[in-house]
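Chemist: Need a 3D model of the following:
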Amino acid sequence: MKNVLFCGNTKVFDGVLTGMLSIFKRSDDTEPITFYIYTADCTYLKPQYTPLTEEMRIFFEKVAQKYNKDNKVVMIDVTDLYNKEFKGCPNEHCYASPYTLLRLLADLVPNMPDKLLYLDCDIMFNRDINEIYNIDVTGYEYAAARDQYGKLLVHPNYINAGVLLFNLEYMKQTKILEKARKLLRLKHLPFADQSALIRSTTKKKMLKQKFNCQGMLTKKTVIRHFAKRLYFTPYPHVANIKQWHVDDIHNKLKYHQFDDILNEYLALKHSFTEGENHE
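Modeler: Below is the predicted model:
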């Protein structure tokens, strides 16, 4: 059984769906996958910070089980844990959203597996999930690839926390997540969860950039991360193109490698929306 973790609110529906589909459509392995999704009610911060619904979980699981009847989607509401660990902390209004902090609760959630692949919701697989999941992380807290800009501006081994292969058993021993949460409660950090994780790390395994590619997509790219990035044409500017922005994927990035995935995503999203409207 493989284990994958997503985190977010109702706004990550498109990201979770496209991410799951990319795993199914780019992987030949028949081993079942359990998808864990941490969610929380943070409407006290913003009205749109609503947790994912049980209807969404059921829909995700039906999609997953079309590919393997043993696939599962387990949604865990961590609102109480979030409130205890992070409510009122200096990093709730961080650069992304408070939902980026949820992954740092993994050691507190009961019955989580020892090996866990955390994924941001703006990623798509371009190659088989086994290429990353089968990496041995024995003796390491996690494995991660370098950040596209951080490796140049901060430190050569500055990592991007959008793709993390957790050795959760070892992380519990070193108390890395406990230390990271404490840091987040003490002071504002430039990149919140990512900064806290990096500062709390005892031992990490560095991955090649192909496992978290935030720039050019090549045949060797295993995971394409659609993070905010700098573009130089037609003029220098920052854009935040996500994989569900299908027109921008085609017209601005000129990507058609994911069309089979995106076509299925659009059809599935339409069916989900229609089902909601008919209730």
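Chemist: Now R146, what are its backbone angles?
Modeler: Backbone torsions for R146, taken as degrees, to the nearest 10, come to phi -70, psi 150.
Chemist: Use 30 as the first number for this chain going forward.
Modeler: Taking 30 as the first residue, the last one we looked at is R175.
Chemist: Tell me which residues touch it, please.
Modeler: Each residue near R175 by CB atoms under 8 Å, 6 or more residues apart in numbering is listed here: 185-189, 235, 238, 241. Backbone N, C-alpha and C define where each C-beta goes, glycine included.
Chemist: now it: how far from E90?
Modeler: Distance, R175 to E90, by CB to CB, to the nearest Å: 34 Å.
Chemist: separation between K298 and N97?
Modeler: Distance from K298 to N97, by CB to CB: 21 Å.
Chemist: before we move on, what about N196?
Modeler: 25 Å.
Chemist: Neighbour count: those two, which is higher?
Modeler: N196 (24 against 14; other CB atoms under 10 Å).
Chemist: residues touching that one, list them.
Modeler: 143-144, 166-167, 169-171.
Chemist: before we move on, what about G191?
Modeler: So G191 contacts 148-149, 151-152, 241, 243, 254, 256 (CB under 8 Å, 6+ apart).
Chemist: pLDDT check: weakest of those?
Modeler: Within those, A256 has the lowest pLDDT, namely 84.
Chemist: The residue nearest to E90 when sequence neighbours are not counted sits in which helix or strand?
Modeler: Excluding its sequence neighbours, the residue lying closest to E90 (CB to CB, 6 or more residues apart in numbering) is V102, at 4.0 Å. Element membership for V102 (DSSP states H and E) is strand 101-106.
Chemist: D106 bridge partners, please.
Modeler: Beta bridges link D106 to T68, judged by DSSP bridges.
Chemist: quick one on the thing from earlier: from what I can see the residue nearest to E90 touches E83, true?
Modeler: No: using CB atoms under 8 Å, V102 makes no contact with E83, being 10.6 Å away.
Chemist: Distance of the residue most central in space within the chain relative to Y73?
Modeler: By CA atoms, centre = their mean, the chain has its centre lying nearest to D149, at 1.7 Å. According to CB to CB, D149 and Y73 sit 24 Å apart.
Chemist: Please apply the same query to I227.
Modeler: 28 Å.
Chemist: those helices in the stretch 80-229 of the chain, which residues are they?
Modeler: Under the criterion DSSP state H, counting those that start in this stretch, helices of the stretch 80-229 of the chain are mapped to 83-96, 108-114, 159-162, 179-182, 197-203, 205-215, 221-229.
Chemist: Just name the most buried of these.
Modeler: Highest mean neighbour count of the helices of the stretch 80-229 of the chain: helix 221-229, a mean of 22 (counted as mean count of other CB atoms under 10 Å).
Chemist: Kind regards, and thank you for your time.
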